[in-house]
Every structure is written in C-alpha cells, then in structure tokens.
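>>> My questions are about this predicted structure, shown below with the sequence.
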Amino acid sequence: MLNHASGGDASVFDNGLPLQPTDWVRDGELANLLTTRHSAGLTGLPVRPAIDNLVLEAHGPDGGGATMEEMVARTERGLLLTCLWYIREVDPATLLLTGLTRDGVYLVEDGEVKGAVNNFRFNESPVDLLSRITEAGRTERCLPREWGDYFTRAAMPPVRVADFNMSSVSQAS
C-alpha cells in the first residue's frame, strides 16, 4: 500500500517495505498489531504495515463451510444485513464504531426471508462482536463498500451474531 502522507498509523518511510500475509487475529486472539517502522522500533514489535487486502476465515468443527442460504434456513428470527455503511469510530479505547445498514436489510423468520425492513444505525465494537459470533459460514470474495479504497480485495464469511446492537431506525435509503 502506497502512503502519500505520514500519520498515526502510516508513514511515507514505510513505502517499499516487503509485504507478507499477516494474521491479525488467530484462534480468537489478537495475534499482531499494525506497526510502522517507527512504532515497531518503540515497542519492539515486528514491523506489520497495512496491506490492501483483508480475508477472514472461520476455522471450527464444521470448517465454516455453511452457505448463507443454509445459515438463513437455520434462523428462527433475525435480520439479514447485506451492507454496513458510513462506519465511524466513536471510542478508540474500545474500538466502538457506529454506522448504518444499507442496500438490503431483511427480516428472517422460521428459516425464510420474509421481506425487506428499514435501515438502522448500529453501535458495535468489532472486538466485542467477535466474542458473540455463534456461526460463521463459507468465506467468499466480496466488495468492501465503506473502506473499499483501503481494502481493494476482500473475502469474508457470513456470520451470525447474537444481540447485534441496532441503536435506532435510520432514515437512510
């Protein structure tokens, strides 16, 4: 990833660093932190620059092999979210984020998509959210909408999350 300016999480002096696959989270635990040459020197951590792809793979008893359709079929009642948008940091200490659902929020009852519902504002910490995932499906290539300039190549599984915090109804369309 080419840095055009230095900031808190990137440095122009990191341009040209060799990139390698990095496990940020492994086996449910934080494995690495993003570090520039400077922050690595201060902390003694290995240099781990930002890279322009993001892949999340589930490894569990079933290998994370369910399709989204199979996961929906096992859903008694819930919301199917197809896109999160306008994601902004609220609290950096807990990584609390806020954002909106967009382009498809559907009510699922008794294993069937019953229809479209309104958009919502949400407040969630991805760190906390990881502890509430009850099922992860098959990893598929996808298009990041919100941070597409930073992650031009992504692959994610559908996930079932208990008690996802929808804080209010949104008028976004």
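Okay, I see it.
>>> When you work out contacts or count neighbours from here on, use the C-alpha atoms and nothing else.
Will do.
>>> quick one: contacts of stretch 156-164?
The set of residues external to stretch 156-164 that reach it, using CA atoms under 8 Å, 6 or more residues apart in numbering, is 55-58, 64, 67-68, 71, 122, 124, 129, 132-142.
>>> Show me which residues of that stretch are buried.
Neighbour counts over stretch 156-164 (16 or more other CA atoms under 10 Å) mark 156-161 as buried.
>>> mind giving me the domain split of this protein?
Domain ranges of the chain: 12-51, 68-138+158-170, per automatic domain parsing.
>>> quick revisit: any of the contacts of stretch 156-164 buried? List them.
55-58, 64, 67-68, 71, 122, 124, 135-139.
>>> Just the closest of the residues you listed to L17, please.
V55 (20.5 Å; CA to CA).
>>> tell me which residues form a beta bridge with that closest one?
V55 has these beta-bridge partners by DSSP bridges: A155.
>>> List the residues that contact it.
Residues near V55 by CA under 8 Å, 6+ apart: 154-156.
>>> Tell me how far it lies from C83.
Counting by CA to CA, to the nearest Å, the gap from V55 to C83 is 17 Å.
>>> helices or strands up against the lengthiest strand in the chain?
When the chain is parsed with DSSP state E, its longest strand is strand 84-91. Applying 3 or more CA pairs under 8 Å, 6 or more residues apart in numbering; DSSP states H and E, one finds that strand 84-91 contacts strand 96-101.
>>> List the buried residues in the helix or strand following the strand it packs on.
Sequence order places strand 105-109 as the next helix or strand after strand 96-101, per DSSP states H and E. Within strand 105-109, the residues that count as buried by 16+ other CA under 10 Å are 105-109.
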